[in-house]
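**Q** below: sequence and its predicted model.
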Amino acid sequence: MSCAPPPPILRLHPPSSISPFSSPRRPHLSPRTCPWRLAAAREMPWPHVLTVAGSDSSAGAGIQADVKACAALGAYCSSVITAVTAQNTAGVQGVHLVPEELIREQLQSVLSDMSVDVVKTGMLPSAGIIKILCESLQKFPVKALVVDPVMVSTSGDSLSDPSTLTYYRDGLFAMADIVTPNVKEASKLLGGVSLHTIADMRDAAESIYKFGPRYVLVKGGDMPDSSEAIDVFYDGKEFVEFRGHRIKTRNTHGTGCTLASSIAAELAKGSSMLNAVQVAKNFVESALHHSKDLVIGNGPQGPFDHLFRLKCPPYNIGSQQRFNPDSLFLYAVTDSRMNKRWGHSIEDAVKAAIEGGATIVQLREKDIESRPFLEAAKACMEICRSSGVPLLINDRVDIALACNADGVHVGQSDISAREVRELLGPGKIIGVSCKTPAQAEQAWRDGADYLGCGGVFPTTTKANNPTLGFEGLKAVCLASKLPVVAIGGINATNAGSVMELDFPNLKGVAVVSALFDRECVSSETRNLRSILASVRCLA
Ligand SMILES: Nc1ncnc2c1ncn2[C@@H]1O[C@H](COP(=O)(O)OP(=O)(O)OP(=O)(O)O)[C@@H](O)[C@H]1O
Ligand SMILES: Cc1ncc(CO)c(N)n1
Ligand SMILES: [Mg+2]
């Protein structure tokens, strides 16, 4: 590509007159004087990412990928277009830069009006454009800046002028929260060093960090001969390797743009940087997995489906309430043998637990046939829905899907939380039983919503279940940011002492026999709830 000077194109209006409309221009409204803002009864925040990037006519990368990724992850995405490219699945056929003054104008229009949370950059083809962006960001500071230093397309075509290197290194990087080069870009930024191993990627991340960003992620999508796609993250002190399955597919056009936009969307939603990168990495991997056999175009590199989740069950993205960790407060876990012993049906047991104040229910039915289990699960769903209590199913993703349960709880020997997420989609709750910090870390990486940690006390409900004690519970709570519910041998006598531990992420207790191996489930639940509430001062 030749970036300077841009190839001539048919101009609709001369570059000197940026606005084709007659003046005066619309003024920039202040939020305080805006009449429709004053009229709004309640403002709902909408996480907002502004992408400053190039258009890709094939819509797999660039602005088009950014808008789709943000939409898929629930963020609004506005766009300042820096260049228009002619691309398809074979490569880049043409590039035309948008006049710099119009880029400045686009930045001013969006940043002055639209409460942008995070700016994400993609193709910034000229040094002048980077300079304008730096000036605009100084004038309109945002919460975070994600810089994807796009230089070459995966097809090998150049997407930026060599003079941009200095402006990236000496200007934009110092303003960035995270910089996300692929190995080729990292090499260019560092004067052509060759990167072949994870150790090389770490060295590169360390060197790029010195240009001033808060975090660096060197992406390894283009590293050859590996069953894993490994990205190296560096925060100035420690390295984290983000490892995912390498999906065998030709449809990888736009993975880099999508990763950076997904990080931006998660940051706009309030995530920490590590969490944002993990969610983004999982999102790209899932999207590639779901798109691996799609065919579009005749060239060697196709686009993938950012909106793959719309095709996943349960087809109801966005209709689910977000998981509220406080619902773990009094977690009732059913057991069919206990119900049989006391002559309770599953439905009656669940109804009674909710009457007594259970805040979440899990059906853990180990010895019941699938069909009666599903019938009972559907009846329990109705009971739970009408009382606003989430219902999870232990282990059985098929039953959870069939009754549209609120989620699934899995143990260490069940299918992984990541696979459950693939099957259930993003709106559902996933819990994982964990005994160690390493298991907790894995559950978080797999996209779990909460951890069940135990057995805290000896229990007869589960055979061969080692007791962790308070020390084991503490280790898991301290090692994880996820909410935790304690489980194992918890009853009215010892529940208070568990809640008194008062770790910030220890949200409640999960109980089986102390609720269900009793004649009157509702009064046992009520009693336990008042014990917990007296410790946590909750009514
Ligand atoms: N085949 C694959 N399977 C799984 N993950 C992949 C695959 N290819 C790339 N990734 C992941 O996608 C993300 C983007 O990395 P990549 O190195 O492809 O960026 P990029 O070269 O800038 O992308 P592009 O230029 O195509 O937009 C990384 O998290 C990387 O690990
Ligand atoms: C417009 C645009 N931005 C970024 C990339 C990198 O994938 C691309 N191919 N095209
Ligand atoms: Mg790539």
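**A** Sure thing, it's come through. Residues are numbered from 1 along each chain as shown. Ligands and ions are numbered 1, 2, ... in the order given.
**Q** go ahead and confirm Asp222 touches Thr154.
**A** Yes. The criterion here is Cβ atoms under 8 Å, and Asp222 meets it with Thr154 at 7.0 Å. Glycine gets a C-beta too; all of them are placed from N, C-alpha and C.
**Q** of the two, who's got more company?
**A** Neighbour count, other Cβ atoms under 10 Å: between Asp222 and Thr154, Thr154 has more, with 19 against 15.
**Q** ok, for the more buried one, nearest residue in space, not its chain neighbours?
**A** Leaving out its chain neighbours, the residue that sits closest to Thr154 by Cβ to Cβ, 6 or more residues apart in numbering is Gln301, at 5.9 Å.
**Q** next, count neighbours for the one you found.
**A** 22.
**Q** same check, this time on Gly60
**A** 27.
**Q** same thing with Pro372?
**A** 12.
**Q** measure it to Glu365 for me?
**A** According to Cβ to Cβ, to the nearest Å, Pro372 and Glu365 sit 9 Å apart.
**Q** please apply the same query to Arg246.
**A** Distance from Arg246 to Glu365, by Cβ to Cβ: 38 Å.
**Q** looking at the two, which one has more neighbours?
**A** Shown here are Arg246 and Glu365; by other Cβ under 10 Å, Glu365 has more neighbours (23 against 18).
**Q** in three-state terms, label the more buried one for me.
**A** Here Glu365 is recorded as coil under DSSP: H, G, I helix; E, B strand; the rest coil.
**Q** how much space between the nearest residue to it once chain neighbours are set aside and Asp367?
**A** Excluding its sequence neighbours, the residue lying closest to Glu365 (Cβ to Cβ, 6+ apart) is Ser336, at 4.8 Å. Distance, Ser336 to Asp367, using Cβ to Cβ: 6 Å.
**Q** okay, those two: which has more neighbours?
**A** Neighbour count, other Cβ under 10 Å: between Ser336 and Asp367, Ser336 has more, with 21 against 9.
**Q** residues touching the more buried one, list them.
**A** By Cβ atoms under 8 Å, 6 or more residues apart in numbering, Ser336 lies in contact with Ile346, Glu365, Lys366, Asp367, Ile368.
**Q** name the element the residue of the stretch 351-500 of the chain found nearest ligand 2 belongs to?
**A** Nearest residue of the stretch 351-500 of the chain to ligand 2 (Cβ to the nearest ligand atom) works out as Pro426 at 24.8 Å. For Pro426, there is no host helix or strand (DSSP states H and E).
**Q** can you tell me how far it sits from Met114?
**A** According to Cβ to Cβ, Pro426 and Met114 sit 26 Å apart.
**Q** who has more neighbours out of the two?
**A** Relative neighbour count places Pro426 above the other of Pro426 and Met114, with 17 against 12, counting by other Cβ under 10 Å.
**Q** quick one: contacts for Ser480?
**A** Cys434, Pro437, Ala440, Glu441, Ala443, Trp444, Leu451, Asn505.
**Q** could you redo the last one with a cut-off of 10 Å?
**A** Counting by Cβ atoms under 10 Å, 6 or more residues apart in numbering, Ser480 makes contact with Cys434, Pro437, Gln439, Ala440, Glu441, Ala443, Trp444, Ala448, Tyr450, Leu451, Cys453, Asn505.
**Q** filter the residues you listed down to just the ones in strands.
**A** Cys434, Tyr450, Leu451, Cys453 (DSSP state E).
**Q** tell me the pLDDT of the first one.
**A** Cys434 is assigned a predicted lDDT (pLDDT) of 97.
**Q** going forward can the numbers begin at 5, since that is how I track them
**A** In the new count, where the first residue is 5, that last one comes out as Cys438.
**Q** touching, it and Val480? I think so.
**A** Yes. Cys438 is within contact range of Val480, at 5.8 Å (criterion: Cβ atoms under 10 Å).
**Q** shared neighbours of the two, which are they?
**A** Common neighbours of Cys438 and Val480, counting by Cβ under 10 Å, 6+ apart, are Ala444, Glu445, Ala447, Leu455, Gly456, Cys457, Gly458, Leu472, Leu486, Val488.
**Q** how close does the third one get to ligand 3?
**A** Right, Ala447. According to Cβ to the ion, to the nearest Å, Ala447 stands 29 Å off from ligand 3.
**Q** nearest residue to Gly451 in space, please, no chain neighbours.
**A** Arg425 (4.7 Å).
**Q** quick one, what contacts the one you found?
**A** Asn286, Ser290, Cys316, Val412, Lys432, Ile434, Asp450, Gly451, Ala452, Asp453.
**Q** out of those residues, which are inside strands?
**A** Judged by DSSP E, the subset of the contacts of Arg425 located in strands is Val412, Ile434.
**Q** export the contacts of Arg425 to TSV and tack on neighbour count, distance to Ala381 and pLDDT?
**A** Shown next, in TSV, are these (neighbours: other Cβ atoms under 10 Å; distance: Cβ to Cβ, whole Å; pLDDT from 0 to 100):
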residue	neighbour count	distance to Ala381	pLDDT
Asn286	19	28	89
Ser290	20	26	88
Cys316	16	20	62
Val412	28	12	97
Lys432	25	14	89
Ile434	24	17	95
Asp450	18	24	88
Gly451	20	23	88
Ala452	26	21	92
Asp453	21	20	93
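**Q** quick check: residues of the stretch 255-404 of the chain near ligand 2?
**A** The stretch 255-404 of the chain comes close to ligand 2 at residues Gly258, Gly260, Cys261, as judged by Cβ under 6 Å from any ligand atom.
**Q** for the residues you listed, which single residue is the most surrounded?
**A** Most surrounded of these: other Cβ under 10 Å gives Gly258, at 30 neighbours.
**Q** sketch out the low-pLDDT regions of the stretch 255-404 of the chain for me.
**A** Scanning the stretch 255-404 of the chain with the threshold set as pLDDT under 70 gives 316-326.
**Q** rerun at 50
**A** Across the stretch 255-404 of the chain, the ranges flagged by pLDDT under 50 are 318-325.
**Q** just the closest of the residues of the stretch 255-404 of the chain next to ligand 2 to Leu101, please.
**A** Leu101 lies nearest to Cys261 out of these, by Cβ to Cβ, at 18.1 Å.
**Q** pick the one among the ones in strands among the contacts of Ser484 closest to Gly64.
**A** Checking the ones in strands among the contacts of Ser484 against Gly64 with Cβ to Cβ, the nearest one is Tyr454 at 35.6 Å.
**Q** partner residues bridging the closest one?
**A** Beta-bridge partners recorded for Tyr454 (DSSP bridges): Gly435.
**Q** so how far is Gly411 from it?
**A** Tyr454 is 9 Å from Gly411, by Cβ to Cβ.
**Q** got any residues that touch both of those two?
**A** With Cβ under 10 Å, 6+ apart, Tyr454 and Gly411 have common neighbours Phe327, Ile364, Leu396, Ile433, Ile434, Gly435.
**Q** hang on, the second one packs against Val513?
**A** No. Applying Cβ under 10 Å, one finds Ile364 not in contact with Val513, separated by 11.2 Å.
**Q** checking Phe246 next. Helix, strand or coil?
**A** Under three-state DSSP, Phe246 comes out as strand.
**Q** mind pulling the model confidence for it?
**A** 92.
**Q** correct me, but it touches Gly225?
**A** No. Under the criterion of Cβ under 10 Å, Phe246 makes no contact with Gly225, lying 11.3 Å away.
**Q** give me the common contacts of those two.
**A** Residues touching both Phe246 and Gly225 (Cβ under 10 Å, 6+ apart): Ala233, Ile234, Asp235, Leu263.
**Q** show me the contacts for the last one.
**A** By Cβ under 10 Å, 6+ apart, the contact set of Leu263 is 69, 73, 150, 152, 184, 186, 221, 223, 225, 235, 246, 281, 284-285, 287-289.
**Q** try it again with 8 Å
**A** Asp152, Thr184, Lys223, Ala284, Lys285, Val288.
**Q** so what's the third one bridging to?
**A** Same thing as Lys223. Asn186.
**Q** number of nearby residues for it?
**A** 27.
**Q** what's the farthest-apart pair in the contacts of Leu263?
**A** Farthest pair in the contacts of Leu263 (Cβ to Cβ) is Asp152 and Lys285. Separation: 14.1 Å.
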